[in-house]
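1. Below are the sequence and a predicted model; questions follow.
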Amino acid sequence: DTGVSQDPRHKITKRGQNVTFRCDPISEHNRLYWYRQTLGQGPEFLTYFQNEAQLEKSRLLSDRFSAERPKGSFSTLEIQRTEQGDSAMYLCASSLVAGATYNEQFFGPGTRLTVL
Amino acid sequence: QQPVQSPQAVILREGEDAVINCSSSKALYSVHWYRQKHGEAPVFLMILLKGGEQKGHEKISASFNEKKQQSSLYLTASQLSYSGTYFCGTEPADSWGKFQFGAGTQVVVTP
């Protein structure tokens, strides 16, 4: 399977715990996005990377959220001191961008986080 | 800001047509359209770039009015497989890559 993969697919945690999610993009893709989606809403932008550089980060993201893409390949999203409001589906997407070109994103299956 | 989609929901019979609209208050570089079925990840349908270029599936058509920062997705001769939630994602001209998605339009196609 050469698509975007995410791990774990489901995570249940208690309030106050830290969680980390992993995303493996399509291998030749240089851009990687993180989104959060709640029921009945569209994906909400969190951050994106161009290779290993984090170029944009949503102002909605508090200091409890951090993301890395250390070698420009896989990425991790960490949430510290989880709150019940963090419960959502966390989606990763990747794309290949070269200059002003098409930038269709391929989404992974998501990680569903439940904070108790 | 999040783009505004309309309608929120539409019910079609097979073979009928529908239009989904997406409007942004910001100048845009591109508009993307995705379809998401229940419990699945969004799937790419179409990209429309500022300047008129577009890329997408053969059976899907869309338009982008750069002056109004509005896009429309046309579902023609709908099939049962068209059911799902359609999202537009807008890419601001001053913040490439920082996509904002609308709340979605739920489409139900019935036999």
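-> On my side now, so go ahead. Bear in mind the structure is a predicted one, so any value in this text is a computation, not a measurement. Numbering: from 1, shown residues only, chains lettered A, B, ... in the order given.
2. Please count neighbours and contacts with C-alpha atoms only from this point.
-> OK.
3. Burial check on residue A:51, number of neighbours?
-> Counted with other CA atoms under 10 Å in any protein chain shown, the neighbours of residue A:51 add up to 17.
4. if I read this right, it contacts residue A:73, doesn't it?
-> Yes: applying CA atoms under 8 Å as the test, residue A:51 and residue A:73 come out as touching, 7.2 Å apart.
5. pLDDT value on the closest residue to residue A:8 other than its chain neighbours, please?
-> The spatial neighbour of residue A:8 that comes closest, neighbours along the chain excluded (CA to CA, 6 or more residues apart in numbering or on different chains), is residue A:111 at 6.0 Å. As predicted, residue A:111 sits at a pLDDT of 97.
6. quick revisit: name the residues contacting each of residue A:51 and residue A:73.
-> Taking CA atoms under 8 Å, 6 or more residues apart in numbering or on different chains as the contact rule, residue A:51 and residue A:73 both touch residue A:30.
7. any idea how far the residue nearest to residue A:8 lies from residue A:47?
-> Separation of residue A:111 from residue A:47 (CA to CA, to the nearest Å) stands at 16 Å.
8. How about residue A:10?
-> Distance from residue A:10 to residue A:47, by CA to CA: 21 Å.
9. So which of those two has more stuff around it?
-> Per other CA under 10 Å, whichever of residue A:10 and residue A:47 has more neighbours is residue A:47, with 24 against 14.
10. what comes into contact with the helix or strand where the more buried one lies?
-> Element membership for residue A:47, per DSSP states H and E: strand A:44-50. Strand A:44-50 is contacted from outside by A:30-37, A:54-58, A:60-61, A:67, A:69, A:72, B:97-101, using CA under 8 Å, 6+ apart.
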